[in-house]
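S.K.: Predicted coordinates and the sequence they were generated for:
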Amino acid sequence: MKSKEPAYYNCPINEWPEDDRPREKMMKLGAFRLSYSELLAILIRTGAGGTSALDIARLLISKSGGLFNLSKMDYREILGLKIKGIGKAKAVTIAAAMQLARCIESEQKRSEDKIVKSSDDVAKIYGPKLRDLKKEKFMVVLLASNNKIIKDKIVTEGTINSSVITPREVFHEAIGALAAAVILIHNHPSGNDRPSREDIKITKKMVAAGRHMDIPVLDHILIADKKYTSFADEGLLN
C-alpha cells in the first residue's frame, strides 16, 4: 500500500519542515540518505505553478525512463520531455551534472591506470567520456615511452571521414609533446561497435604516417555504448 504523503508536500519546499527539505536533509544526514528524486530536486532548486522541485524531479525520472536513461540525455532531449518547470537553464544544469559524473568515472580510472597496458585499460578510461555522445568525436591519446598517458586531444567532431582527418592534425600534438606513440579513439553514437570501411581507411593512413615519423599508432579504439573494438586486437592495424 502506498503511504500517504504529508499535506505540506503540496506547498513550496521552503515551507516544508526543515528536516524534509532535500538541501537541508543532505547537509544534516549526508547525500547517501537522499533518494534520486531528492538529489535531482537540489539541482532543480525551484518548483513551478504549485508543483515542488521534488515533484518535478520525480516526473523527470518517470518520463525519462529512469535515472540511467536520463544520464544519457543532452539538454535538448531533457527539454523535449516538456516538463513544466524545466527550462533551458535547469536542463543544462542537469545535463552538466550527468556529464560530471561520467568525467569523475573516467578521471578515477585515469588516476589509477596512468600507464595503459591493454585496449581494456584505454576503454575504461575513455569509454565513460565518449559512450553517450550524440556526435562522433575523433581523439588522439599521446603516450610516453613507458605507455604513460601524457595528454589527449579531440581532433575533430561530426561525421568522421578521411577527407576531414589528416595526419597533420593527429600528429601535430604528438610532435609538440615529444610523444613516443599514440592511440586513436573515436565513438559510434549508433552503438554499432564494428569498424566501417572509412574507419579502417583512416586507420591505415594514420598507421602509415606514424611509421614514417617514428611515432607508432599502437591502437585505434572504437567506443560504442558500453562496448568497444580494438583495431590492434582485431588485427586491423596492419
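M.R.: Everything's here; your move.
S.K.: Confirm for me that Lys151 is in contact with Gly176.
M.R.: No: in this structure, Lys151 is not within contact of Gly176 by C-beta atoms under 8 Å, at 9.9 Å. (C-beta placed from N, C-alpha, C; glycine too.)
S.K.: More neighbours: those two, which one.
M.R.: Lys151 (13 against 10; other C-beta atoms under 10 Å).
S.K.: That one looks like it's in a strand, true?
M.R.: Yes: checked against DSSP: H, G, I helix; E, B strand; the rest coil, Lys151 lies within a strand.
S.K.: Give me the spatial nearest neighbour of it, chain neighbours excluded.
M.R.: Leu142 (5.3 Å; C-beta to C-beta, 6 or more residues apart in numbering).
S.K.: swap in Asp193?
M.R.: Ala224 (3.8 Å).
S.K.: Next up, phi/psi of the one you found, please.
M.R.: Main-chain torsions, Ala224, degrees, to the nearest 10: phi -140, psi 100.
S.K.: Next, work out how far apart it and Ala91 are.
M.R.: 26 Å (C-beta to C-beta, to the nearest Å).
S.K.: on that earlier part again, tell me, how many residues neighbour the residue nearest to Asp193?
M.R.: Neighbour tally, Ala224, other C-beta under 10 Å: 19.
S.K.: Name whatever forms a beta bridge with it.
M.R.: Beta bridges link Ala224 to Lys227 when assigned by DSSP bridges.
S.K.: Pull the contacting residues for it.
M.R.: Residues in contact with Ala224 (C-beta atoms under 8 Å, 6 or more residues apart in numbering) are 131, 187-188, 190-193.
S.K.: Can you give me the neighbour number for Ala95?
M.R.: By other C-beta under 10 Å, 19 other residues sit near Ala95.
S.K.: typed the wrong thing, it's His212
M.R.: 10.
S.K.: That one should be in a helix, yeah?
M.R.: Yes: according to three-state DSSP, the state of His212 is that of a helix.
S.K.: per-residue confidence for it?
M.R.: Per-residue confidence at His212 stands at 93 (pLDDT).
S.K.: do the one 5 residues further on as well
M.R.: Among the per-residue scores, Val217 shows a pLDDT of 97.
S.K.: what helices or strands is the helix-or-strand element of the chain with minimal mean pLDDT leaning on?
M.R.: Between all helices and strands in the chain, the lowest mean by mean pLDDT, DSSP states H and E belongs to helix 88-112, at a mean of 80. Under the contact criterion of 3 or more C-beta pairs under 8 Å, 6 or more residues apart in numbering; DSSP states H and E, helix 88-112 touches helix 36-44, helix 67-71, helix 75-80, helix 119-130.
S.K.: Out of the ones you listed, which is closest to Asn238?
M.R.: Smallest distance to Asn238 across those (C-beta to C-beta): 15.8 Å, for helix 119-130.
S.K.: same for the closest one, what does it pack against?
M.R.: helix 88-112, strand 137-143, strand 181-187, strand 217-224, strand 227-230.
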